[in-house]
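# Sequence and predicted structure are below.
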Amino acid sequence: QVQLVESGGGSVQAGESLRLSCAASGGTSSTYAMGWFRQAPGKEREFVAGISWTGGTTYYADSVKGRFTIARDNAEKTAYLQMNNVGPEDTAVYYCVADLRTVAAGTPSYWGQGTQVTVSS
């Protein structure tokens, strides 16, 4: 079992930046693909970004490409989502996810509790 704990959410103004962190524990968490999903009020949950366990491959939703960057530090068992130039459309609960295979397709096996990001215009 892998446990995921997110941090770094909060309220920011449009155009500002925010960095989310996800600390993983349990199992051999450093060999899992990790990523982020989000769910805005009244909308379905959607994939945001993913990274392979080596960190060599990254994936992004078109809506965040060029603004968000995902990274990981396997020594610290932590994944990050750097969010730049955010807008009100990025307001959502952000969930850290992990899976032995990929987080870019299907439903990842492990989910964190989520962290709220609110962007005001």
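Received it, and whenever you're ready, just let me know what you need.

# Every contact and neighbour count from this point should use C-alpha atoms.
OK.

# wait, what's in contact with Gly112?
The contact partners of Gly112, taken as CA atoms under 8 Å, 6 or more residues apart in numbering, are 3-6, 95-97.

# Taking these, tell me the two that lie furthest apart.
Greatest spacing in these, by CA to CA: Gln3 and Tyr95 (12.3 Å).

# Common neighbours of those two, please.
Listed contacts common to Gln3 and Tyr95 are 111-112; contacts here mean CA under 8 Å, 6+ apart.

# Would you convert the contacts of Gly112 into a markdown table that also reports neighbour count, pLDDT and distance to Gln113?
Output for the contacts of Gly112, formatted as a markdown table (neighbours: other CA atoms under 10 Å; pLDDT from 0 to 100; distance: CA to CA, whole Å):
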| residue | neighbour count | pLDDT | distance to Gln113 |
| --- | --- | --- | --- |
| Gln3 | 17 | 95 | 10 |
| Leu4 | 25 | 97 | 8 |
| Val5 | 18 | 97 | 7 |
| Glu6 | 23 | 97 | 7 |
| Tyr95 | 26 | 98 | 7 |
| Cys96 | 31 | 98 | 8 |
| Val97 | 32 | 97 | 10 |
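
# Narrow those residues to those in strands?
3-6, 95-97 (DSSP state E).

# Just say helix, strand or coil for the most centrally placed residue in the chain.
Ranked by distance to the mean C-alpha position of the chain (CA atoms, centre = their mean), the top residue is Trp36 at 2.5 Å. Assigned state for Trp36: strand (three-state reduction, DSSP: H, G, I helix; E, B strand; the rest coil).
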